[in-house]
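Enquirer: Predicted model follows, preceded by the sequence.
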Amino acid sequence: MPILLLAAALVVALVLMWNSLVRRRNAIANAFAGIDTMLQMRYDLIPNLVSVVKGYAQHESETLRAISELRAQAMQANLGTNQRVELDNRIRQGMAGIMATAEAYPELRASENFQQLQRALNEVEDRISASRRAFNAAVNDYNNAVGTFPTSIIASFAGMRPHAYFEAASDDRRNPGVDMASPRGA
């Protein structure tokens, strides 16, 4: 009888650990879906931004074409997590280029359409950032479970491996340069 109780307790413990791992893995998928939703919102704004900027900055067509092509690639449904992260990093760099372009055109910056798009993009970027933090928190929780005893044993048998974090592009990690010699407001 005591052996039967011990076996039952072991089975219950294994089931609880398995279910815990599955819930954590599903939390990662859910958090990434949140990122994906926010990225889709950004992708929906890109054509409008390109259209507005194109009207003011005709010679910037290469930058605008590149961001449009990246958007088209990112909208494909069959992309993996790593591919989507890479495209997101490239789109962010392209969007930064478009915003830098706008700095050279005071009429563009003053445009009501551009200002509305800029506000919408800032809001979406804030949401994407929050979604990334939620995703990375879910990944951290899962990776801790996969890497700690005794759930690591079950994870190993099930082929569950640590998940990659949603990391910033290497360009985003650099500290921005500040020119201390330039006069203020220049």
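Expert: Now that the structure is in, tell me what you want to look at.
Enquirer: for this protein, which spans come out with low pLDDT?
Expert: 59, 168-186 (pLDDT under 70).
Enquirer: how about 90 then?
Expert: 1-2, 48-68, 74-89, 92-115, 166-186 (pLDDT under 90).
Enquirer: What segments of it are helices?
Expert: 2-56, 61-74, 81-103, 106-110, 112-147, 151-158, 170-173 (DSSP state H).
Enquirer: Adding distance to Ala164 and mean neighbour count, write the ones you listed out as a markdown table.
Expert: C-beta here means a position set from N, CA and C on the backbone, and glycine is covered the same way. What follows is those, written out as a markdown table (distance: least, Cβ to Cβ, whole Å; neighbours: other Cβ atoms under 10 Å):
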| stretch | distance to Ala164 | mean neighbour count |
| --- | --- | --- |
| helix 2-56 | 10 | 15 |
| helix 61-74 | 18 | 16 |
| helix 81-103 | 7 | 17 |
| helix 106-110 | 38 | 12 |
| helix 112-147 | 7 | 16 |
| helix 151-158 | 16 | 15 |
| helix 170-173 | 15 | 10 |
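Enquirer: Restrict stretch 74-92 to CA atoms and write it as PDB.
Expert: What follows is stretch 74-92, C-alpha atoms only, in PDB (Å, rounded to 0.1, in the frame of the first residue of the first chain):
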ATOM      1  CA  ALA A  74       7.200  40.800 -42.700                       C
ATOM      2  CA  MET A  75       3.500  40.300 -43.700                       C
ATOM      3  CA  GLN A  76       4.200  36.700 -44.900                       C
ATOM      4  CA  ALA A  77       2.500  34.200 -42.600                       C
ATOM      5  CA  ASN A  78       5.200  31.500 -42.800                       C
ATOM      6  CA  LEU A  79       7.900  33.400 -40.900                       C
ATOM      7  CA  GLY A  80       9.500  31.900 -37.900                       C
ATOM      8  CA  THR A  81      10.200  33.800 -34.700                       C
ATOM      9  CA  ASN A  82      13.800  34.500 -35.500                       C
ATOM     10  CA  GLN A  83      13.000  35.700 -39.000                       C
ATOM     11  CA  ARG A  84      10.300  38.000 -37.700                       C
ATOM     12  CA  VAL A  85      12.700  39.400 -35.100                       C
ATOM     13  CA  GLU A  86      15.300  40.100 -37.800                       C
ATOM     14  CA  LEU A  87      12.800  41.800 -40.000                       C
ATOM     15  CA  ASP A  88      11.500  43.800 -37.100                       C
ATOM     16  CA  ASN A  89      15.000  45.100 -36.400                       C
ATOM     17  CA  ARG A  90      15.500  46.000 -40.000                       C
ATOM     18  CA  ILE A  91      12.100  47.800 -40.200                       C
ATOM     19  CA  ARG A  92      12.900  49.800 -37.000                       C
END
